[in-house]
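Undergrad: missing the sequence, but the structure's below:
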């Protein structure tokens, strides 16, 4: 989860199946067959979100928006509760051979 500040406000959530999270961590760390996400694996996932959101900030900047993202927070579990927001969210689902990913964006222009 990342907070969005600046001319846009809201949040971005990356919701991954565990199998995909482990595969991404293994790929980023150059390892294989790591069955669980340890602290290093969660750090690798956070770095992946930094890379994606860094590119998003560049694209939004090119479109004239001055935005920034907070450092990512990584949560694990099926019953994680995310606080509601007054901003309507958009859900973008992705399927890969390693598992599913949902990108949940809730963004609103700051008044």
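TA: Looks like it came in fine. Predicted model, so just to flag it, every value in this text is computed and none were measured.

Undergrad: bridged to the most centrally placed residue in the chain, which residues?
TA: Nearest to the centroid of the C-alpha atoms of the chain, with distances taken as Cα atoms, centre = their mean, sits residue 14, at 3.5 Å. Taking DSSP bridges as the rule, residue 14 bridges to residue 103.

Undergrad: just residue 10 next, same as before
TA: With DSSP bridges as the rule, residue 10 is bridged to residue 4, residue 107.

Undergrad: show me what whichever helix in the chain runs longest is in contact with.
TA: Ranked by number of residues, the top helix in the chain under DSSP state H is helix 39-62. The contact list for helix 39-62 (Cβ atoms under 8 Å, 6 or more residues apart in numbering) reads 2, 8, 12, 14, 16, 21-22, 24-26, 28-29, 34, 37, 67-69, 71-72, 74, 76. To be clear about C-beta, it is placed using only N, CA and C from the backbone, and glycine gets the same treatment.

Undergrad: not counting sequence-adjacent ones, nearest residue to residue 89?
TA: residue 106 (3.9 Å; Cβ to Cβ, 6 or more residues apart in numbering).

Undergrad: any idea how far the residue in the chain sticking out farthest from the centre is from residue 91?
TA: Centroid-distance maximum for the chain: residue 111 at 25.1 Å, with Cα atoms, centre = their mean. Per Cβ to Cβ, to the nearest Å, residue 111 is found 25 Å from residue 91.

Undergrad: show me what contacts residue 24?
TA: Here residue 24 is in contact with 16, 44-45, 48, 98 (Cβ under 8 Å, 6+ apart).

Undergrad: quick check: the farthest pair among the residues you listed?
TA: 44 and 98 (14.3 Å; Cβ to Cβ).

Undergrad: looking at these two, which is more packed in?
TA: Between residue 44 and residue 98, residue 44 has the larger neighbour count (other Cβ atoms under 10 Å), namely 22 against 16.

Undergrad: coming back round to it: I'd guessed the residue nearest to the centre of the chain sits against residue 103; true?
TA: Yes: contact criterion Cβ atoms under 8 Å: residue 14 and residue 103 qualify, at 6.1 Å.
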